[in-house]
Structures are given as structure tokens and as C-alpha cells.
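J.: Pasting the sequence and the predicted model now:
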Amino acid sequence: MIKKIAIVWNHHPVAGEIQVQDAAIIRAEFTKGQARFSEGNLVFEEGQSYRLELEVEAKEQPAIVGKPLVFVKTEVRSFSFFVHDVNVKRPIYMPRYGVAVTDVSDNRSYEEIAGAVESKEWKTGLQQIGLEPEESYEEAAAHTRALICQTWLGLSRDIRIFGAGFRGSEDKEKMWDWVQPRLHGSEAGLPENKNESVRYHFLVGRGLGCDHKLSRRLDEGIYPILHGTIEDNEITYRTTSFVSLEKTALDAKNVKGTDYLVADGYGYGHMLTDKQKEEREKRLPAFWNDDEETVFYFRAEAVNTGNVPRYAWFKSPVPNGSVLSHGVAYKFNRDNGFSLYDADRVYCVSKLNGAPLMNEETAILIEPGETAVFEFAIPHRPVSEERAAGLIGQSFDGRLEECRGYWREKLSGAAEIRLPEKRVEEMVKAGLLHLDLVTYGSEPEGTLVPTIGVYTAIGSESAPIIQTMDSLGWGKIAERSLMFFLDKQHDNGFIQNFGGYMLETGAFLWCAGEHYRYTRDEAWIGRNHEKLRKAYEYIVEWRKRNMTDAFKGRGYGMIDGKTADPEDPFHSFMLNGYAYLGLSRLAEMWRSSNAELADEVLAVAAAMKSDIREAFYMNAAKSPVVPIGNGTWVPTAAPWVEHRGPLCLFAEGGNWLTHGSMPARDSLLGPLYLVFQEVIGHREDAADDLLDYHSELMCTRNVALSQPYYSIHPWVHLKRGEVKAFLKTYYNTFAGLADRETYTFWEHYWHASPHKTHEEAWFLMQTRWMLYMEEGAALNLLPGIPRKWLKDGEVIDIRNAVSYFGAFSVFVESNVAEGVITARVECDPARKPETLQIRLPHPDGLKALRAEGGSYDHETETVRIEEFGGTAEIRLWF
């Protein structure tokens with residue numbers, strides 16, 4: 001086919017050239033403006049408007065290898081477009097570039113095309129969000145998936161945890177209630193089942209019917225103690241599940257934990273050097289020879305709510321139960337209520353109304369208003385009959401109170417946060433405990449492995465976990481978690497712990513730098529100087545390998561390697577952005593102790609940033625422009641240097657579907673990360689373009705597909721003051737990915753990877769950003785809170801949270817019925833910010849008439865205090 005194209009400019013593009021991919025230019029002529037085209041070269045004389053007509057020969061259908069594309073390369077504002085995208089009805093119109101591309105039959109000038117498009121007054125997706133009411137959880141929940149996830153119960157530091165669920169939850173056998181011993185990411189093997197996993201199935205009530213009256217909730221909404229309610233006609237079953245110890249009292253000093261290297265090996269995707277494998281083997285026997293098990297305790301109270309006697313039904317746990325049979329041979333002893341494989345292998349003890357259960361399946365008649373109580377306890381590994389006798393004698397209520405106290409004590413050492421939205425407040429507290437539950441290591445000191453669901457720790461995915469701990473006052477736990485990456489560092493400085501990922505070295509240095517910003521711990525930097533230096537030198541050498549002429553224009557000065565699960569060993573922007581960010585933070589860390597070395601690292605970082613930016617802008621120029629909702633077109637970029645354009649547009653062919661999403665690589669691992677990684681400024685034009693096409697091509701309700709917390713655009717929105725766009729993402733992401741009753745997060749929408757703490761930690765960090773962000777020497781408080789949080793009578797109370805400026809507290813009270821909002825702020829006087837800014841949005845959008853305590857900005861609804869003294873009293877009148 002012959003495609004006749006007209007390119008019109010309303011400015012002087014200087015000189016350049018035109019290149020084509022999978023096409024050929026058979027004619028080119030300027031029909032307006034003093035310019036000429038010769039052998040692919042563009043020469044512009046002085047002028048302000050030009051029209052270039054092209055005849056391009058291309059296949060009717062895009063080629064298998066790539067799509068026909070035109071690259072207009074000029075000294076400024078280069079761009080590319082797909083030949084088949086040129087359409088007289090919808091011209092390619094780029095107002096920032098002052099250029100339009102249309103069919104040659106379209107004789108309109110640039111100004112006429114611009115007028116026609118802009119007269120429509122269409123909105124981009126993000127502009128439309130800006131016109132809508134602020135998003136809420138209720139609105140998001142009505143339009144997103146309601147996922148149910150199994151619940152993980154256990155004790156901090158100890159990998160002997162349990163998964164649990166009820167009928168209708170994520171389960172291979174939907175008819176059963178169940179509990180399963182796990183060794184962190186591994187389902188615990190059972191010798192009686194050829195060392196394959198075992199899931200203990202039981203049943204409370206008659207079974208599944210046409211209704212489904214089941215609800216679940218964490219204890220007090222936050223603790224890792226699971227409550228369930230099953231309504232079966234007039235019998236209501238109220239269940240409680242938790243994990244405690246077998247013999248000794250549950251408190252922090254009696255929880256020994258699991259050695260971090262042992263725990264690491266039970267995480268999915270772990271990577272160990274030969275030396276680490278050898279050391280782990282030496283440590284395993286101590287783990288397996290523990291003389292006390294963790295135990296899953298369960299109680300179901302059946303209450304007769306009717307007027308006549310009714311039966312309640314219970315079935316005690318059986319191993320790998322299925323519809324017609326049981327997968328593992330076992331015995332039930334009706335004399336003592338033991339379920340066992342043999343005399344020294346009791347896997348469960350059961351009671352009914354305080355006495356040993358006499359039949360593994362039973363029905364009991366309950367009078368109106370009365371209760372029957374079914375209990376069982378499952379040790380993580382089967383125990384002897386002697387130990388089982390001790391276990392069946394345990395007090396359920398006593399163990400329950402110990403468990404509450406154990407987790408309550410954990411939270412007492414963290415920042416206190418009280419928010420107007422109870423769900424979010426509970427999710428913050430529960431989330432912190434969810435992170436702690438799967439952060440493993442020996443107690444009370446030593447290295448911890450901050451795992452992420454079933455997986456072991458990853459320098460990138462563990463970063464928000466560690467930073468959440470730092471933000472909420474658990475700096476010591478964060479420090480111990482950082483040591484995992486240094487303890488496992490390779491001799492050459494390389495850091496790699498999971499699945500062949502190559503980005504961990506840079507991501508770790510960034511996370512270590514964030515920890516330093518929170519703590520200013522020079523001693524920690526000093527103790528780990530050599531390991532940090534090795535990491536730096538590894539990146540430098542890695543970069544040098546890509547500083548040859550062969551890499552000019554294709555990743556010069558960048559590093560290459562696999563960034564995430566897909567086997568994509570390219571010069572990706574995300575990989576390089578983390579390396580730059582890590583080096584930048586490392587220079588900060590060394591500034592006080594070794595200024596000369598800090599200057600050296602900073603110079604390397606600056607050079608690397610320059611190389612990344614050059615590669616990005618060249619890639620954006622070579623990548624096809626795409627339409628957005630207001631009728632304009634914007635440039636795009638590939639996730640790495642070696643491709644042109646978003647992979648999901650198939651500019652150069654390929655198969656890029658991964659993890660249930662066509663644009664996953666572009667959205668979750670793409671160039672938008674460069675804004676977060678401080679390579680591209682959040683106010684640069686490129687950030688505008690990246691946000692616009694990402695939101696419209698790769699998001700639903702401003703939420704990325706598949707594993708949405710990998711997308712960093714919520715941070716960018718908040719940095720830019722785009723509160724509505726942030727809230728749209730914030731609510732719709734957790735409403736669709738987290739279990740709405742227990743707050744446990746999935747990794748993906750398709751039930752992959754439960755208790756995914758990487759996702760939960762990014763939710764927690766988004767909440768942190770909503771409540772406070774730093775900007776240079778300024779602390780910005782409440783930059784992203786919803787307006788409804790300041791309805792009359794509402795209170796926001798944050799105590800001892802931690803920022804780059806140390807610990808701080810803020811108390812806000814709304815009395816808008818009386819026309820006033822007040823705030824009180826206290827910061828660490830030794831580390832206070834130079835400037836304090838607090839956003840106090842009126843619930844009805846009113847602007848303050850008068851401000852006390854600082855200067856008020858009507859547009860941003862913020863009070864700003866220069867030369868902040870450490871405390872502030874602020875009052876707004878409306």
C-alpha cells in the first residue's frame with residue numbers, strides 16, 4: 001500500500017532527518033515553508049510554518065517483525081508515529097511539539113487542526129478524574145473485585161506458620177474448612193504423605209448450601225487472630241483461630257525465631273551461594289531439633305438462636321480430606337480425642353464442651369440460647385501422645401489472651417495512628433503486624449530476612465517493607481532486615497537473593513540510604529563501610545562494561561540484566577534508575593564520614609543519570625506517539641533501550657504477555673520509574689506524558705493491571721499535588737487486591753501468592769505518603785488525605801511517626817460546624833525541618849478566610865511555616 005502523509009509544523013524545527021522502519025519513502029516534498037528534503041535529510045530555512053508531504057510504501061498489514069513507523073528526527077522535539085495510525089478524521093496532534101500529522105488530503109494548517117481538536121473540549125483520563133468527586137473506599141469497592149484470601153497465622157520470626165481458610169475461600173477443595181502447616185513459602189511436608197504437603201480439613205456446621213453466610217475478621221480488626229461467623233439456620237458458629245506455643249507462655253522472650261539463613265532457604269525463589277548452602281546445612285539440625293512446636297488453636301462456639309432445640313455439627317481435622325476419601329491414612333482415638341498417624345505421631349487433639357471428642361464427626365443437640373464448644377489444636381509437626389496429653393490440657397482462653405498480649409506489645413513500640421476512616425486505620429496496624437509475621441530470624445538480636453509472602457527477600461520488593469518499619473518507628477527491625485542483604489552479599493559486591501533478579505544491588509543501596517535518612521546512624525554506616533563500598537564498586541565495574549563504542553546509542557554507560565520475573569536481560573530503565581538512586585543515596589551516607597569518597601560516588605551517579613536521561617529521551621523520540629482522551633497525542637517510551645515504544649504496542653513485534661497482562665512490562669517495570677528514581681523531575685514534560693498514556697493505556701480506574709503495586713504512579717501524583725488521581729488509585733487498588741475482611745493482600749488478581757507483604761507494604765507506604773512526604777528541607781503533612789477526613793468532629797492523631805527529620809507528632813481536629821480546623825505539630829527539635837507545610841482541606845471545598853500560625857495558600861489549601869521552630873499551633877477559620 002502507499003500511504004500519503006502530511007506533517008505540518010507551526011515552528012522552526014531546525015535540521016534533522018527522517019528514518020522509517022518496515023517501510024520506504026518513495027516521495028517527499030515540502031509544500032509550505034522554506035525547507036527541503038534530500039536523501040532522508042531535513043533542512044529548514046527561517047520560518048514559522050512548514051508542511052512536508054510524504055508517500056510511504058508499507059504493507060497493508062503490519063509486518064510480523066515490526067510495524068511500519070516513521071521517525072522524524074530533528075535537533076529538538078523529535079518524534080515517531082505508526083504509518084497506519086495516520087487518519088484524516090483523527091490527526092496526530094501534539095501541541096507541545098507544535099506539530100500535526102494527517103492524511104495528505106487534509107489541507108488544513110496546524111492552527112486549523114489544533115482548533116478543531118481543542119474545540120471538542122475533551123478531557124484526558126486524569127483530567128476527568130480531576131473533575132469527579134474524590135474517590136472513596138465505598139465507591140471503589142462497588143466497582144472492583146472482592147477477593148478472598150487465606151489467612152496466615154503464626155509468631156514473628158518463626159517460619160512454622162499456618163495457612164487457614166473457610167469454605168468458599170481460596171481453596172482446592174471448596175467444601176472444607178481447613179488449616180495447613182507451612183514453613184514460610186513452603187507447604188510443610190509430611191513423612192506419612194511421602195514428604196508431600198498436608199492440609200487438615202475439618203467442618204463446622206452442616207456444610208455448603210444455597211446460601212453463604214460467612215464473615216471473618218481479625219481480632220480487634222488488627223491482630224493476627226482470626227474470628228469467623230457461620231450462620232447455619234438457627235445455629236450460629238463463632239470461630240476463633242490463632243497460633244501460640246505448645247508448652248511455655250507466649251511472650252517475646254520465649255519466641256526464639258528461626259535462623260535467617262534457614263528461613264531464607266524455605267522462601268520460594270531463594271538463591272544461595274555454595275558457601276551459603278554449606279553454612280545453612282550446618283544450621284538446619286538446630287531448627288529441626290526444637291523441642292517445642294508452634295500450635296494452631298481453634299475454637300467454634302455453636303449458639304442456638306432459635307426457639308426449639310437444634311443440632312450442631314462438627315468434624316475434626318483429617319489429613320488431605322477430599323470429597324470421597326481421605327488422602328493420608330490416620331486413626332482417631334475416641335478415648336482421648338487424639339487424631340494420629342501412630343502412637344508417637346499425634347497431629348491433632350480435639351474437645352467438645354471441655355471433654356475429649358468421642359467421635360470425629362458428631363451432632364449435638366443444643367437448647368435455645370445455649371452453646372456447644374468444639375476445640376482442637378494442631379501442632380506444626382505431630383507430637384508424641386505424652387506431649388499431646390499436655391496439649392489437650394491447655395486453656396484456650398488463656399492462650400488467646402497471651403496471644404493478644406504478644407501482638408499488642410508488638411504494636412506498642414510502633415507509631416500510634418488514629419484516622420477518621422476506621423478501615424484504613426485498622427489496615428495500617430494489621431499491615432505492620434503482617435509484615436512482622438513473615439520477617440524471620442533468631443531473637444532477640446541478629447539478622448532478619450524481610451520476606452514477601454511465599455517468597456524470600458528481594459532487594460527491590462523488600463524495600464517498602466523495611467521503609468514502612470522505619471516510618472512507623474521500628475528502626476531496629478529495619479536495620480536488622482537490611483543486614484540480610486549485606487550478610488548474603490557476594491564477595492565481588494553483587495547482591496542477589498531471588499530468581500536471577502539483577503536490580504537488588506542498586507535497590508538495596510537506595511533502601512539503606514532511606515534508612516540513613518530516617519536514623520542518621522553514622523555508626524551503622526561505619527560498621528558496614530567495606531560492604532557498601534564493594535556494592536558501589538560492583539556497579540561501577542558493571543557500568544564500565546557498557547561504556548564502549550558498541551553501546552553508543554544503545555545503553556552507553558547503563559547496566560544490563562534481568563529486572564523481574566520475565567527473562568529480559570536488557571538495559572532497562574527501572575534497573576538503571578535504581579542503580580543511580582542507590583549511588584545517589586550512598587553519596588549522602590558517606591558525606592559526613594568520607595567527603596572525598598562521597599564526591600567520587602556523586603560524580604559517578606551524576607554521569608550515570610546523564611546517560612540514562614540521554615537514552616530515555618532518544619528512546620522516547622524513536623517510540624510511537626499515542627492518542628489520549630483530550631484528542632492530543634503524546635510520546636511514549638519502551639521499558640528498556642533495546643526496544644522502541646511500549647512493548648504492548650508491538651512496534652517491533654514479539655510476544656510480551658506476562659502475569660495475566662499485556663502491558664505488564666510497560667506498566668509495572670517501565671520508564672515511569674525514572675520519575676520516582678529522581679532521574680526525571682516530577683514536573684518535567686516527560687512526566688506529564690508518561691502519566692497520561694500510562695493511565696489510559698495501562699490502567700483501569702487509574703490502577704495498573706495484574707500486580708498493580710509495582711506501578712509507582714501514585715507517588716508521582718502526590719508529588720505533583722494531584723490528590724484526586726492519587727486517591728483514585730489508592731482506594732481502587734486495595735479495594736480490589738486485599739481481602740476486605742482480613743486485610744490480607746494477594747500478589748495478583750488471579751489468586752497468585754497469598755499474604756503478599758510487598759503489595760501490603762506499598763499500600764502502607766502510600767498511606768504514609770498520604771499522611772506525610774518530604775520535599776527537600778520541608779516536611780509536608782497530610783498532602784493526600786481525603787476531604788471527608790476533616791468532616792465536623794473528625795480527628796487525625798499521629799504520634800511518634802518517623803520522617804527524614806526524625807520523630808514527629810501531629811494532631812488535627814475539625815470543628816467546621818463552628819467554622820474552624822485546628823492542628824498541633826511537634827517535631828524532634830534536634831532534627832526539625834526548615835519548613836513545615838500542612839494541608840487542611842475543608843470537607844466542602846471551602847477556602848480559609850483567615851489563618852493563624854503560618855501563611856495559607858488558597859490553591860493548595862496548605863499552611864506553610866518558614867524557619868519552623870519545632871512546634872506549631874495552626875488554626876484555620878472558614
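T.: Yep, that arrived. Given the structure is predicted, the values throughout are model-derived calculations rather than measurements.
J.: Can you list the strands that the helix or strand that contains V101 pairs with?
T.: Following DSSP states H and E, one finds V101 within strand 99-103. Paired with strand 99-103 in the same sheet, following DSSP bridges, are strand 2-9 (antiparallel), strand 92-94 (antiparallel).
J.: Ranking these by mean neighbour count, which comes first?
T.: strand 92-94 (a mean of 22; mean count of other Cβ atoms under 10 Å). Yep, even glycine has a C-beta here, placed from its N, CA and C like the rest.
J.: Give the rounded mean pLDDT of that one.
T.: For strand 92-94, mean pLDDT rounds to 98.
J.: same thing with stretch 286-301?
T.: Per-residue scores along stretch 286-301 average to 95.
J.: Equivalent analysis for stretch 629-636, please.
T.: pLDDT averaged over stretch 629-636 gives 98.
J.: swap in stretch 409-418?
T.: On average, stretch 409-418 scores 97.
J.: May I have that stretch as CSV, with CA atoms only?
T.: Below are the C-alpha coordinates for stretch 409-418, written out as CSV (Å, rounded to 0.1, in the frame of the first residue of the first chain):
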residue,chain,number,x,y,z
GLU,A,409,3.1,-5.5,72.8
LYS,A,410,4.5,-5.5,69.3
LEU,A,411,2.3,-2.6,68.3
SER,A,412,3.1,-0.7,71.5
GLY,A,413,6.6,0.0,70.1
ALA,A,414,5.3,1.5,66.9
ALA,A,415,3.9,4.9,65.9
GLU,A,416,0.4,5.4,67.1
ILE,A,417,-2.0,6.4,64.3
ARG,A,418,-5.7,7.3,64.7
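J.: Which positions within it qualify as buried?
T.: K410, L411, A414, A415, I417 (16 or more other Cβ atoms under 10 Å).
J.: repeat for stretch 576-594
T.: 576-591, 594.
J.: Just the C-alpha atoms of that stretch, please, in PDB.
T.: Extracted C-alpha coordinates of stretch 576-594, given in PDB (Å, rounded to 0.1, in the frame of the first residue of the first chain):
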ATOM      1  CA  ASN A 576      19.400   1.600  35.900                       C
ATOM      2  CA  GLY A 577      17.200   4.100  37.800                       C
ATOM      3  CA  TYR A 578      17.600   2.000  41.000                       C
ATOM      4  CA  ALA A 579      21.400   1.800  40.400                       C
ATOM      5  CA  TYR A 580      21.500   5.600  40.100                       C
ATOM      6  CA  LEU A 581      19.300   6.200  43.100                       C
ATOM      7  CA  GLY A 582      21.400   3.800  45.100                       C
ATOM      8  CA  LEU A 583      24.600   5.600  44.200                       C
ATOM      9  CA  SER A 584      23.000   8.900  45.000                       C
ATOM     10  CA  ARG A 585      21.900   7.800  48.400                       C
ATOM     11  CA  LEU A 586      25.300   6.200  49.000                       C
ATOM     12  CA  ALA A 587      27.000   9.600  48.400                       C
ATOM     13  CA  GLU A 588      24.700  11.000  51.100                       C
ATOM     14  CA  MET A 589      25.600   8.300  53.500                       C
ATOM     15  CA  TRP A 590      29.300   8.900  53.100                       C
ATOM     16  CA  ARG A 591      29.100  12.700  53.100                       C
ATOM     17  CA  SER A 592      29.900  13.100  56.800                       C
ATOM     18  CA  SER A 593      32.400  10.300  57.200                       C
ATOM     19  CA  ASN A 594      34.300  10.500  53.900                       C
END
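J.: Looking at that stretch now, give me its mean pLDDT.
T.: In this model, stretch 576-594 has a mean pLDDT of 98.
J.: Q180 is in contact with P317, correct?
T.: No. Assessed by Cβ atoms under 8 Å, P317 is found out of contact with Q180, at 10.4 Å.
J.: how close does A23 get to A58?
T.: Separation of A23 from A58 (Cβ to Cβ, to the nearest Å) stands at 4 Å.
J.: Tell me the residues that contact both of those two, please.
T.: P68, V83 (Cβ atoms under 8 Å, 6 or more residues apart in numbering).
J.: buried set for the strand holding V101?
T.: By neighbour count on 16+ other Cβ under 10 Å, the buried set for strand 99-103 is V99, A100, V101, T102.
J.: what angle do the helix or strand that that strand is followed by and strand 99-103 make?
T.: Once the chain leaves strand 99-103, the next helix or strand it forms, by DSSP H and E, is helix 110-118. Helix 110-118 runs at 80 degrees relative to strand 99-103, counting by axes from the mean of the first three to the mean of the last three Cα atoms, to 10 degrees.
J.: Alpha carbons of helix 110-118, as CSV, please.
T.: Output in CSV follows, covering the C-alpha atoms of helix 110-118 (Å, rounded to 0.1, in the frame of the first residue of the first chain):
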residue,chain,number,x,y,z
TYR,A,110,-1.6,23.3,12.0
GLU,A,111,-3.7,26.1,13.6
GLU,A,112,-6.9,24.8,12.0
ILE,A,113,-6.2,21.2,13.1
ALA,A,114,-5.4,22.5,16.6
GLY,A,115,-8.6,24.5,16.7
ALA,A,116,-10.7,21.5,15.6
VAL,A,117,-9.3,19.2,18.3
GLU,A,118,-9.4,21.7,21.1
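J.: which other residues reach it?
T.: Outside helix 110-118, the residues touching it (Cβ under 8 Å, 6+ apart) are 8-10, 49, 91, 93, 95, 98-100, 102, 106, 108, 630-632.
J.: Then stretch 659-670?
T.: 563-566, 568, 572-574, 637-639, 646-648, 656-658, 694, 697-699, 704-708, 710-711, 748-750, 752.
J.: Report how far apart the opening and closing residues of it are.
T.: End-to-end distance of stretch 659-670 (Cα to Cα, to the nearest Å): 15 Å.
J.: Just the buried residues of that stretch, please?
T.: H659, S661, M662, P663, A664, R665, D666, S667, L668, L669, G670.
J.: Ok, stretch 562-579 next?
T.: Neighbour count says stretch 562-579 has 562-565, 568, 570-579 buried, by 16+ other Cβ under 10 Å.
J.: what about the nearest residue to F650 once chain neighbours are set aside, distance to I5?
T.: The shortest distance from F650 to any non-neighbouring residue, by Cβ to Cβ, 6 or more residues apart in numbering, is to K67 (6.6 Å). Distance, K67 to I5, using Cβ to Cβ: 15 Å.
J.: Spit out the residues that contact P317 and Q180 alike.
T.: With Cβ under 8 Å, 6+ apart as the test, P317 and Q180 both reach Y200.
J.: residues contacting P356?
T.: When contacts are taken as Cβ under 8 Å, 6+ apart, P356 is in contact with R334, D335, N336, G337, F338, V349, S350, I392.
J.: Apologies, that question was intended for L284.
T.: V262.
J.: Secondary structure element for it, which one?
T.: helix 274-288.
J.: Return the distance of that helix from the chain's centre.
T.: 32 Å (Cα atoms, centre = their mean, to the nearest Å).
J.: Toward the C-terminus from it, list the very next helix or strand.
T.: Following helix 274-288 toward the C-terminus (DSSP H and E): strand 294-304.
J.: okay, that next one in CSV with CA atoms only?
T.: This file holds the C-alpha atoms of strand 294-304, laid out as CSV (Å, rounded to 0.1, in the frame of the first residue of the first chain):
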residue,chain,number,x,y,z
THR,A,294,4.1,-23.8,67.3
VAL,A,295,0.4,-24.8,67.6
PHE,A,296,-2.7,-23.8,65.7
TYR,A,297,-5.5,-23.4,68.3
PHE,A,298,-9.2,-23.4,67.1
ARG,A,299,-12.5,-23.0,68.8
ALA,A,300,-16.0,-23.0,67.4
GLU,A,301,-18.9,-21.9,69.7
ALA,A,302,-22.2,-23.0,68.4
VAL,A,303,-25.1,-20.9,69.6
ASN,A,304,-28.8,-21.9,69.2
